[in-house]
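In: whatever this is, show me its structure:
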Amino acid sequence: MFRGKSVLDLPKPGDTHFATNFIMLDRMLEVKEALQKLVVGREWREWNRKSNHSDDGDDVRDCVLRSGFWKNLEKVLALTKGTVALLRECNRGVLIVGKVYVAMFNYGQELEALRDGTSE
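Out: Numbering: from 1, shown residues only. So this is what the prediction gives:
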């Protein structure tokens, strides 16, 4: 059902080496409109009605349509962006201790700016 609404696919856990959950959250934000169209469509309603998990389907629909969910998702991604970037850098397999130190320092500065409300 989802593939009919989006040109992008949701990554499978085996497709990523690390930070799978954060990569998935980032992709969910990219396909937000497709997810919202999916859960309000006729196919979803029919599937959910026939499913043994209709309560779960209703919960998913409510979550995807709730604006607070997407605002919180954006906050989580803003907070974890630096960590994921650092993990990617470390995963390259080269000696990068200096780069890691600089990245950690910069990430600390970004987190302080987020906490103080001075970040974009």
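
In: which helix runs longest in the chain?
Out: helix 67-90 (DSSP state H).

In: so the worst-scoring helix or strand of the chain on mean pLDDT versus helix 67-90, what angle?
Out: Taking mean pLDDT, DSSP states H and E as the measure, the chain has helix 97-116 as its least confident helix or strand, at a mean of 82. Going by axes from the mean of the first three to the mean of the last three CA atoms, to 10 degrees, helix 97-116 is angled at 160 degrees with respect to helix 67-90.

In: elements contacting helix 97-116?
Out: In terms of contacts (3 or more CB pairs under 8 Å, 6 or more residues apart in numbering; DSSP states H and E), helix 97-116 is packed against helix 67-90. The C-beta positions use only the backbone N, C-alpha and C, and glycine is treated the same way.

In: return the list of helices and strands in contact with the helix it packs on.
Out: Under the contact rule (3+ CB pairs under 8 Å, 6+ apart), helix 67-90 is packed against helix 20-30, helix 97-116.

In: among those helices, which is nearest Leu65?
Out: Evaluated over the helices and strands packed on helix 67-90, closeness to Leu65 peaks at helix 20-30, with 13.5 Å, by CB to CB.

In: now the element after that closest one, going C-ward?
Out: helix 32-40 (DSSP states H and E).

In: got a list of what the residue positioned nearest the centre of the chain touches?
Out: Central residue of the chain (CA atoms, centre = their mean): Leu25, 0.9 Å from the mean position. By CB atoms under 8 Å, 6 or more residues apart in numbering, the contact list for Leu25 reads 73, 76-77.
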